[in-house]
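Colleague: I'll drop the sequence and a predicted model, then ask my questions.
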Amino acid sequence: MNKQKFVALTPNKIIAALMVFIVLVTVGFAFGPKVTALVTAPSSAEAAARAGAEAFLSTDYEKGQSAWENAVCAVSSDDGCKVLKTSYSPMVWPQVAAGSVRQFCQAASAKRTNDTPAAEGVEAHQVWQVSLSCTDPDGNKTSGDVNVVVVENATSGWKFERLAFSEEGAK
């Protein structure tokens, strides 16, 4: 003969169960967002790639070349800033000024495509494909390209180095 057991729900058991439930909900609300933020937060290398691509492609001919260079150099490694001023700026800025380009870019997504660890005398590098949405001051979309970005792990952390050739992103 099977004996069935019944659990009597006494007021003390109901109160204890409610207390446990309240504690679990409180702990979930207190620590849940922090855990979620840790899991979903972009890496510092990704943040550097996004910031570099945004700064490099956000151009405003009215503010001038030095303002653009300063904005890019603020998120760049020392080498990246030198490359910008000696190579990219002389090539890019005349076209920006001639075309009266004013666009502001926001990174929509980023995907790492290559990771090169540090070696003797060489900093670690990563290559990222960054998708951007760019608009003019009136809010009209000007472009939505995917750009290949190289970041380097400098002494102060990950920094934008340069826009890369598309072949580098395919590696």
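Modeller: That came in fine, so what should we check first?

Colleague: which element follows the lengthiest strand in the chain toward the C-terminus?
Modeller: Longest strand in the chain by number of residues, with DSSP state E as the criterion: strand 102-116. Downstream of strand 102-116, the first helix or strand assigned by DSSP states H and E is strand 125-135.

Colleague: Mind listing what's buried along the helix or strand following that following strand?
Modeller: Next helix or strand after strand 125-135 toward the C-terminus (DSSP H and E): strand 141-143. Buried positions in strand 141-143, judged by neighbour count with 16 or more other C-beta atoms under 10 Å: none. The way it works is simple: take the backbone N, C-alpha and C, and place the C-beta from them, glycine included.

Colleague: and strand 141-143, which strands flank it?
Modeller: Strand 141-143 has its sheet partners listed here by DSSP bridges as strand 125-135 (antiparallel).

Colleague: and Ala45, how many neighbours?
Modeller: Ala45 has 21 neighbours, counted by other C-beta atoms under 10 Å.

Colleague: i'd like the first residue to be 128 from this point on
Modeller: With the count now opening at 128, the last piece we talked about shows up as Ala172.

Colleague: now the residue minimising distance to the centre of the chain, what's its secondary structure?
Modeller: Of all residues in the chain, the one closest to the mean position by C-alpha atoms, centre = their mean is Ala174, 3.1 Å from it. Three-state call for Ala174 (DSSP: H, G, I helix; E, B strand; the rest coil): helix.
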